[in-house]
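Enquirer: just a sequence and a predicted model for now, questions to come.
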Amino acid sequence: MAADSFPEIRQSVRRLCADFPGPYWQEKDRNRAYPTEFVTALTAAGFLSVLIPEVYGGAGLGLAAATAILEEIHHSGGNGGACHAQMYVMGTLLKHGSAAQKAAWLPGIASGALRLQAFGVTEPTSGTDTSSIRTFARRDGDYYIVSGQKIWISRAEHSDLMVLLVRTTARAEVARPGDGMSVLLVDLRDAVGNGLTIRPVRTMLNHATTELFFDDLRVPAANLIGVEGQGFRYILDGMNAERVLIAAECIGDGRFFIDRAAAYAADRNVFGRAIGANQGVQFPIARAHVQLAAAALMVDHATALFDAGVRCGTEANMAKLLASEASWFAADMCVQTHGGFGFAEAYDIERKFRETRLYQVAPVSTNLILSHVATHVLKLPKSF
Ligand SMILES: Cc1cc2nc3c(=O)[nH]c(=O)nc-3n(C[C@H](O)[C@H](O)[C@H](O)COP(=O)(O)OP(=O)(O)OC[C@H]3O[C@@H](n4cnc5c(N)ncnc54)[C@H](O)[C@@H]3O)c2cc1C
């Protein structure tokens with residue numbers, strides 16, 4: 001996005017990130033440790049509550065401010081993946097929760113006293129086909145009894161609350177595949193050890209992701225968000241914000257790679273001159289810049305639509321696709337520009353390379369975006 005938007009916010013995020021330089025992230029990455037100090041500092045500075053209305057204690061800013069924050073974190077070499085969900089997962093509660101639920105939860109989320117940064121949708125057997133999830137919540141008096149399994153649920157061990165998508169009516173019994181799903185707000189502090197088991201999954205990047213096992217977990221019926229059976233629609237609603245924010249992280253990553261590559265190419269001398277004097281080295285850097293600038297415009301466009309309250313599913317998807325591909329091109333270029341040093345932990349490039357690769361798969365994979373564009377925008381026949 002426009003690198004000059006929200007100059008004051010950007011400057012203070014940059015200042016905060018300067019306290020968390022490469023060696024901090026390298027140590028966390030090496031040990032797959034959660035960056036608690038960084039998340040605490042961001043929370044204290046109020047950066048994670050910018051999307052929460054002022055009446056609940058947040059800053060009441062739009063998505064544009066949130067994108068500026070995440071872009072700066074990633075541009076600095078850091079990673080917002082440890083806490084970005086604290087910004088947007090509450091959107092489901094804000095948009096579809098009752099007045100009593102919002103009053104009960106949002107002020108704590110805004111202050112950071114309550115962490116709502118787990119979002120449980122994906123299951124091992126359903127994959128991207130969310131309507132075939134099997135985790136089931138059976139109503140029993142004032143409770144739902146939840147059984148099933150989720151995978152890739154990030155930050156569950158570092159969250160007090162989780163927005164959970166479950167089936168409340170079997171798929172075979174509903175008219176449309178997306179019907180019969182519901183959203184529950186699960187209090188993880190009560191749930192763990194009482195019907196919920198969390199198992200960490202070690203991945204190629206430090207993302208605190210986990211597998212969840214539900215074995216007759218009791219969730220108060222009062223924690224149902226919105227209307228039973230309508231949950232899939234609520235989750236889809238929230239996904240646009242997530243896609244735009246992830247796209248902003250990709251733009252930040254891309255800027256990190258391009259800055260690093262340009263500086264290194266100007267400085268590194270081989271065969272008696274700067275490697276950046278060779279067009280074979282400088283053109284990929286320039287191409288990465290061009291691609292990233294175009295992707296940033298699309299991110300800006302999707303953000304502006306979102307903030308104006310206009311439907312933006314297609315634009316959010318396209319922004320995420322373009323930004324994730326632009327950051328990946330920049331990542332690959334940056335490794336190549338650095339030669340052997342691109343592989344050295346101390347340069348942060350190999351870590352950021354691994355981190356930015358995720359965004360072509362999660363939160364939605366490139367093929368699924370192309371399928372959306374092909375069938376919804378171009379009206380081609382549906383493949384599923
Ligand atoms: C580190 C990490 C963190 C994550 N965090 C969360 C989280 O916090 N909460 C959560 O709910 N989920 C989370 N996810 C899950 C993520 O959203 C999914 O991995 C992603 O949506 C892809 O789904 P899948 O892995 O089931 O792939 P699948 O659906 O099994 O697809 C595998 C591949 O096949 C392709 N494919 C599938 N169907 C088609 C088709 N019809 N046409 C063309 N191509 C197709 C896909 O594009 C993909 O490339 C996370 C994943 C990772 C890796």
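Expert: In hand now; what should we look at?

Enquirer: burial of the residue in the stretch 1-150 of the chain positioned nearest to the ligand, as a residue count?
Expert: Proximity of the stretch 1-150 of the chain to the ligand (C-beta to the nearest ligand atom) peaks at G127, 2.8 Å away. C-beta: built from backbone N, CA, C; applies to glycine. G127 has 13 neighbouring residues, counting by other C-beta atoms under 10 Å.

Enquirer: tell me how far it lies from S365.
Expert: 9 Å (C-beta to C-beta, to the nearest Å).

Enquirer: do M181 as well
Expert: 21 Å.

Enquirer: looking at the two, which one has more neighbours?
Expert: Neighbour totals were compared for M181 and S365, and M181 leads with 27 against 16 (other C-beta under 10 Å).

Enquirer: next, give phi and psi for the more buried one.
Expert: phi -110, psi 150 (degrees, to the nearest 10).

Enquirer: need the strands for the stretch 51-200 of the chain, in chain order.
Expert: Counting by DSSP state E, counting those that start in this stretch, the stretch 51-200 of the chain has strands at residues 116-120, 136-140, 143-154, 161-167, 181-187, 196-200.

Enquirer: need those strands in CSV (columns: distance to A295 and mean pLDDT).
Expert: Output for the strands of the stretch 51-200 of the chain, formatted as CSV (distance: least, C-beta to C-beta, whole Å; pLDDT from 0 to 100):
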stretch, distance to A295, mean pLDDT
strand 116-120, 24, 98
strand 136-140, 39, 98
strand 143-154, 24, 98
strand 161-167, 28, 98
strand 181-187, 31, 98
strand 196-200, 32, 98
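
Enquirer: residues from the chain in reach of the ligand?
Expert: Neighbours of the ligand within the chain, by C-beta under 6 Å from any ligand atom: 119-122, 127-128, 152-154, 203, 207, 209, 358, 361-365, 367-368, 371, 383-384.

Enquirer: go again with 5 Å.
Expert: Contact residues, the chain versus the ligand (C-beta under 5 Å from any ligand atom): 119, 121-122, 127-128, 152-154, 207, 209, 362-363, 365, 367, 384.

Enquirer: report the buried members of those residues.
Expert: By neighbour count, with 16 or more other C-beta atoms under 10 Å, the residues of the chain next to the ligand hold F119, V121, T122, W152, I153, S154, H207, T209, A362, P363, S365 as buried.

Enquirer: mind listing what the second one touches?
Expert: The neighbours of V121, taking C-beta atoms under 8 Å, 6 or more residues apart in numbering as the test, are T130, I133, K150, L165, I235.

Enquirer: F136 and Y264, how far apart?
Expert: 53 Å.

Enquirer: got it, and H372?
Expert: Distance from H372 to Y264, by C-beta to C-beta: 38 Å.

Enquirer: so the residue nearest in space to the middle of the chain: helix, strand or coil?
Expert: In the chain, the residue lying closest to the centroid (C-alpha atoms, centre = their mean) is I246, at 5.0 Å. Put simply, I246 is helix when judged by DSSP: H, G, I helix; E, B strand; the rest coil.

Enquirer: wait, it sits on P363?
Expert: Yes - I246 is within contact range of P363, at 6.1 Å (criterion: C-beta atoms under 8 Å).

Enquirer: what sits in contact with each of those two?
Expert: Joint contacts of I246 and P363 (C-beta under 8 Å, 6+ apart) are K320.

Enquirer: would you list every one of the strands in the stretch 251-384 of the chain?
Expert: 269-270, 273-274.

Enquirer: please, which helix or strand holds R218?
Expert: Using DSSP states H and E, R218 sits within strand 209-220.

Enquirer: beyond that strand, next helix or strand please.
Expert: Next along the chain after strand 209-220, taking DSSP H and E as the criterion, comes strand 224-225.

Enquirer: which ones are touching E8?
Expert: Contacts for E8 were tallied using C-beta under 8 Å, 6+ apart; there are none.

Enquirer: could you do T168 as well?
Expert: F136, A137, R138, R139, Y144, G180, M181, S182, E228, G229, G231.

Enquirer: name the nearest residue to the third one, ignoring sequence neighbours.
Expert: Spatially, and ignoring its direct neighbours in sequence, R138 is nearest to I145 (4.8 Å; C-beta to C-beta, 6 or more residues apart in numbering).

Enquirer: mind listing the residues bridging to that neighbour?
Expert: R138, R218 (DSSP bridges).

Enquirer: flag the shaky bits of the chain, pLDDT-wise.
Expert: Along the chain, segments meeting pLDDT under 70 span 1-2.

Enquirer: only alpha carbons, please: show stretch 271-289 as PDB.
Expert: Output of stretch 271-289 as PDB, limited to C-alpha atoms (Å, rounded to 0.1, in the frame of the first residue of the first chain):
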ATOM      1  CA  PHE A 271      35.300  -9.200 -10.400                       C
ATOM      2  CA  GLY A 272      36.300  -5.800  -9.300                       C
ATOM      3  CA  ARG A 273      32.900  -4.100  -9.300                       C
ATOM      4  CA  ALA A 274      29.600  -4.000  -7.500                       C
ATOM      5  CA  ILE A 275      27.500  -7.100  -8.400                       C
ATOM      6  CA  GLY A 276      24.600  -4.600  -8.800                       C
ATOM      7  CA  ALA A 277      26.400  -3.000 -11.800                       C
ATOM      8  CA  ASN A 278      25.500  -6.200 -13.700                       C
ATOM      9  CA  GLN A 279      22.200  -6.100 -15.300                       C
ATOM     10  CA  GLY A 280      21.800  -9.900 -14.600                       C
ATOM     11  CA  VAL A 281      21.700  -8.900 -10.900                       C
ATOM     12  CA  GLN A 282      19.900  -5.500 -11.100                       C
ATOM     13  CA  PHE A 283      17.100  -6.500 -13.400                       C
ATOM     14  CA  PRO A 284      15.500  -9.100 -11.000                       C
ATOM     15  CA  ILE A 285      15.700  -6.500  -8.200                       C
ATOM     16  CA  ALA A 286      14.000  -3.900 -10.400                       C
ATOM     17  CA  ARG A 287      11.400  -6.500 -11.500                       C
ATOM     18  CA  ALA A 288      10.600  -7.400  -7.900                       C
ATOM     19  CA  HIS A 289      10.100  -3.700  -7.200                       C
END
